[in-house]
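Asker: For reference, the sequence and a predicted model appear below.
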Amino acid sequence: MPKRHRLKLYGALCKLQRVAFIPQRLKQTLVITLCALTWSHSSIALDTSPLEVYRDYISTNPALLDQHRRHYLSAREALRRGQMVNYRKYRDRLHGYVLTPYLDFFELNRRLRRLPFDDVDKFLQSHPSTYLSSKLRQRWLHQLAQRSRWQDFLNYYDASVVNSTSLQCQALLAHHKAGDSGALNQVTALWNVEHSQPKECDGIFKAWISAGKRTQVLNWQRFNKAIDAGNRTLARYLAKSLQGQQLVLANLHLEIYSHPHRIRQRHRFQQQTPAMQKIILHGITRYARHDPMTALYEWRRYDAQQLFKDQQRLATQQQLAMQLVKRGHQASADKLVSNIPQITSDKVTEFLLRDALKQQDWPKIYRYLQHLPAAEQQSERWLYWQARALEKLQLAAPNLPTPTQIYTQLAMQRSFYSFLAADKLGSSYQLSDHPVTPARSVTLAITNHPTTRRARELKAVNDQLNANREWRYMTSRFNSEEEHIAAAKLAHHWGWHHKTITSMASAKSWDDLRLRFPLAYNKQVFAAAQQQQVSPLLLFSIARQESAFAETAASPAGAMGLMQLMPKTARYTAKKAGIKYRKSDLFKADKNIQLGSVYITELLNRYQGNRILAAAAYNAGPHRVDTWLKKSDKSLPHDIWIETIPYKETRKYVQNVLAYSVIYGYRTGTTPAMLSPSELEKTL
């Protein structure tokens, strides 16, 4: 709509809203009528409907928007309590509000068991291609399946919008019930998997089995898949359906799975077949976890007896080498590895490399680096350690790069290893900050998208769960990186920093540091930093790494909030600092940052200000860090200690927190070194 028409319309709308004696519902009707008249008499063709104009009017009128939010929350609460008169009263005041469909969904969901076909049809037609319509369709299909309304089920089933194994199984059952002879042919792929399927699949599986589709070949295939996946419960269930020699082998495999030491009873494993060889190899690798030296002895005996394939031999030897190192049998591991033509497992090679780093055995480090695949050798991590090995061994040859050349190459990038390389050279860090700007048309399309508006309003009424779901539903349907970037910039404008960060990651756009590393909750961070006398850069870095600034983040382990505090840790920290605390406070930015800053300060004090150790303790716990320090005898340089942290998650965590502190220094106008002189010099 042209700006002059819009201004005239808004003026009339505002005057109408100030007329006190007109009931609210009548006002809404008159407002929409006025929108329609303006829309229909405009000399310029418009894309928007009168209702959309009214919705736009609501969103630009703060007082009216606030009123709609209060009415929405009142209606939602009344519906939750079953107070339908109050619900209707508030619901009728929300004509044109973007979250009204949520109330309709909640109300309709309460009575799906009554099979309200007309109301479901009306909702699906009114809100096509939306998160709520997809959610309603799935719940509706489950209701129809429970009532065995199979023809109705097929009428509503849409494979393009329903991504659910349970509904896929029920759809096949519906087709089977309708006489589709081809339905059972599609069941095999659903049944023959390494895990148990949902109980909703039992019906079609039963029909499939009754039709004689479940064969001994399929039973044996699925048994082996379950064994390979470590799903012993399913494997035991499947073994009951096997017969003859396959049953004997299955029971032997399950026995070795539970009692791997019985692999020493070699007379029981004389058969030279692929199935027996698989059992032997499985037994050897499982036994090696408990007694690698005996497993190595048994492996040599079996290797002389059986004709294992080269790839099988190599994989088993690599696993043996790794387990030997874990148990401290380095000499035996070295001898075994020296007889292996090539280590093909990245996991094994990295494990052996890290063990060599602990020993600071630079010839072995350099040798193992050559075992890595060519692409891995060119990664930042292993290029850095190649430079360190060349430096320590003082190797020089025309075909070898010099350590300085490698460090210079690395220092041109922005990462933990790049910053280490720059420190080696004494050069400045390269931050590579390049802001991105999507096309205005793309930004406008995302901004005005109904899903975007719903997500913003859900966030405004503190329904974070559905706000996240709407956002995810929308972004999962993007077709270009530019759309993700536009969404990131919009989320940044709203202060929805977590979505900014995840959208930039989805776009694989890494160089706009303002968006990827926002100064989120900066007032709380700087206040907490000043109070605890801790660097705000460290607080920003921890919050960025822990939750990507998701205020209501909750981890599977139970950590909560921006700085991902465990409730037990938070309670202890609050009590010690004399801070009032309730568990729910961890989802409040002010309290979470306050408690997180107190806890990281306590860890810094414990480790004499060393951020490497404090960050590791924040992630893995101080008791684990103390154990690692004891094992290393405080004899490792800082970079080796970080690289050999036993937990991959903690290793990456420490590296990111340190690197992010450099980036947040840049974002706040400073240029700090990643590591302080004392952190660089102290052995750990």
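Answerer: Looks like it came in fine. Residues are numbered from 1 along each chain as shown.

Asker: Show residues contacting the helix or strand that contains Gln246.
Answerer: Taking DSSP states H and E as the criterion, the element that holds Gln246 is helix 244-258. Under the contact criterion Cβ atoms under 8 Å, 6 or more residues apart in numbering, helix 244-258 has outside partners 216, 219-220, 223, 227, 232, 235-236, 238-239, 242, 262-263, 268, 275-276, 278-279, 282-283, 286. For the C-beta atoms, the positions are set from N, CA and C on the backbone; glycine is no exception.

Asker: Can you tell me which of these are buried?
Answerer: Buried positions within these, assessed by neighbour count (16 or more other Cβ atoms under 10 Å), are 219-220, 223, 227, 235-236, 238-239, 242, 263, 275-276, 278-279, 282-283, 286.

Asker: Just the ones of those in helices?
Answerer: With helices identified by DSSP state H, the entries of these that belong to them are 219-220, 223, 227, 235-236, 238-239, 275-276, 278-279, 282-283, 286.

Asker: can you tell me which of the residues you listed lies nearest to Arg388?
Answerer: The shortest distance between Arg388 and any of these, using Cβ to Cβ, involves Arg286 and amounts to 35.9 Å.

Asker: hang on, that closest one packs against Pro260?
Answerer: Yes. In terms of Cβ atoms under 8 Å, Arg286 counts as a neighbour of Pro260; the distance is 3.9 Å.

Asker: Tell me how many other residues surround Glu391.
Answerer: 16 (other Cβ atoms under 10 Å).

Asker: cool, and Leu603?
Answerer: That count, for Leu603 with other Cβ under 10 Å as the rule, works out to 18.

Asker: got it, and the one 5 residues further on?
Answerer: Burial of Gln608 is recorded as 10 neighbouring residues (other Cβ under 10 Å).

Asker: Would you list the phi and psi of it?
Answerer: Here is the backbone geometry of Gln608 (degrees, to the nearest 10): phi 50, psi 40.

Asker: Can you tell me, leaving aside adjacent residues, what's nearest to the residue most central in space within the chain?
Answerer: The centre of the chain sits closest to Thr502, judged by Cα atoms, centre = their mean, with a distance of 9.8 Å. Among residues not flanking Thr502 along the chain, Ala548 sits closest, at 6.7 Å (Cβ to Cβ, 6 or more residues apart in numbering).

Asker: shouldn't the one you found be in contact with Met504?
Answerer: No. Contact criterion Cβ under 8 Å: Ala548 and Met504 do not qualify, at 10.2 Å.

Asker: Name the residue in these two with the higher neighbour count.
Answerer: Using other Cβ under 10 Å as the criterion, Ala548 and Met504 rank with Met504 on top: 25 against 19.

Asker: Pull up the gap between that one and Lys225, please.
Answerer: As for Met504, its distance to Lys225 is 38 Å (criterion: Cβ to Cβ, to the nearest Å).

Asker: repeat for Ala439
Answerer: Counting by Cβ to Cβ, the gap between Ala439 and Lys225 amounts to 47 Å.

Asker: Which residue ranges make up the domains of the protein?
Answerer: The record, using automatic domain parsing to delimit domains, assigns the chain the ranges 3-165, 166-210, 440-510, 522-681.

Asker: Run a quick neighbour tally on the residue nearest to Tyr97 when sequence neighbours are not counted.
Answerer: Nearest non-adjacent residue to Tyr97, counting by Cβ to Cβ, 6+ apart: His68, 4.5 Å away. As a burial measure, His68 scores 23 neighbours (other Cβ under 10 Å).

Asker: Surely His68 touches Leu94?
Answerer: Yes. Contact status for His68 versus Leu94: in contact at 6.0 Å, counting by Cβ under 8 Å.

Asker: what's around Glu482, how many residues?
Answerer: By the measure other Cβ under 10 Å, the count of residues near Glu482 is 19.

Asker: Just confirm it contacts Thr437, I think it does.
Answerer: No. Shown here, Glu482 and Thr437 do not form a contact pair, counting by Cβ under 8 Å, at 9.8 Å.

Asker: Give the full set of residues in contact with the nearest residue to Ser415 once chain neighbours are set aside.
Answerer: The shortest distance from Ser415 to any residue other than its chain neighbours is 5.6 Å, reached at Glu380 (Cβ to Cβ, 6+ apart). By Cβ under 8 Å, 6+ apart, Glu380 lies in contact with 410, 413, 415, 417-418.

Asker: Buried ones among these?
Answerer: Burial by neighbour count, 16+ other Cβ under 10 Å: within the contacts of Glu380 this picks out 410, 415, 417-418.

Asker: Buried residues in stretch 543-554, which are they?
Answerer: For stretch 543-554, burial by neighbour count (16+ other Cβ under 10 Å) applies to 543-553.

Asker: Please apply the same query to stretch 510-524.
Answerer: Buried positions in stretch 510-524, judged by neighbour count with 16+ other Cβ under 10 Å: 512-513, 515-518, 520-521, 524.

Asker: roughly how far is it from the heart of the chain?
Answerer: When C-alpha coordinates are averaged (Cα atoms, centre = their mean, to the nearest Å), stretch 510-524 and its chain have centres 20 Å apart.

Asker: First-to-last residue distance for that stretch?
Answerer: Using Cα to Cα, to the nearest Å, the span of stretch 510-524 from its first residue to its last is 26 Å.

Asker: For this structure, which helix or strand comes out least confident on mean pLDDT?
Answerer: Comparing helices and strands within the chain by mean pLDDT, DSSP states H and E singles out helix 24-41 as the least confident, with a mean of 50.

Asker: what's whichever strand or helix holds the residue nearest to the centre of the chain in contact with?
Answerer: Taking DSSP H and E as the criterion, the element that holds Thr502 is helix 497-506. When contacts are taken as Cβ under 8 Å, 6+ apart, the neighbours of helix 497-506 outside the stretch itself are 471, 475, 478, 481, 484-485, 487-489, 491-492, 510, 512, 515-516, 518, 520, 544, 547-551, 553.

Asker: So which bits of it are buried?
Answerer: Buried positions in helix 497-506, judged by neighbour count with 16+ other Cβ under 10 Å: 497-504, 506.

Asker: From the residues you listed, pick the one nearest Leu112.
Answerer: Sorting those by how near they are to Leu112, with Cβ to Cβ, puts Lys499 at the top with 31.0 Å.

Asker: For Ser506, see how far away the closest one is.
Answerer: When distances are taken as Cβ to Cβ, Lys499 and Ser506 turn out to be 10 Å apart.

Asker: burial of Leu675, as a residue count?
Answerer: Taking other Cβ under 10 Å as the definition, Leu675 ends up with a neighbour count of 21.

Asker: Can you classify it by secondary structure?
Answerer: Three-state secondary structure (criterion: DSSP: H, G, I helix; E, B strand; the rest coil) places Leu675 in coil.

Asker: dump the residue contacts of it.
Answerer: Contact partners of Leu675, counting by Cβ under 8 Å, 6+ apart, are 423, 611-612, 638, 658.

Asker: do the same with Tyr660
Answerer: Contact analysis of Tyr660 by Cβ under 8 Å, 6+ apart lists 517, 540-541, 544-545.

Asker: and with 10 Å instead?
Answerer: When the contact criterion is Cβ atoms under 10 Å, 6 or more residues apart in numbering, the partners of Tyr660 are 416, 517, 537-538, 540-545, 667, 674.
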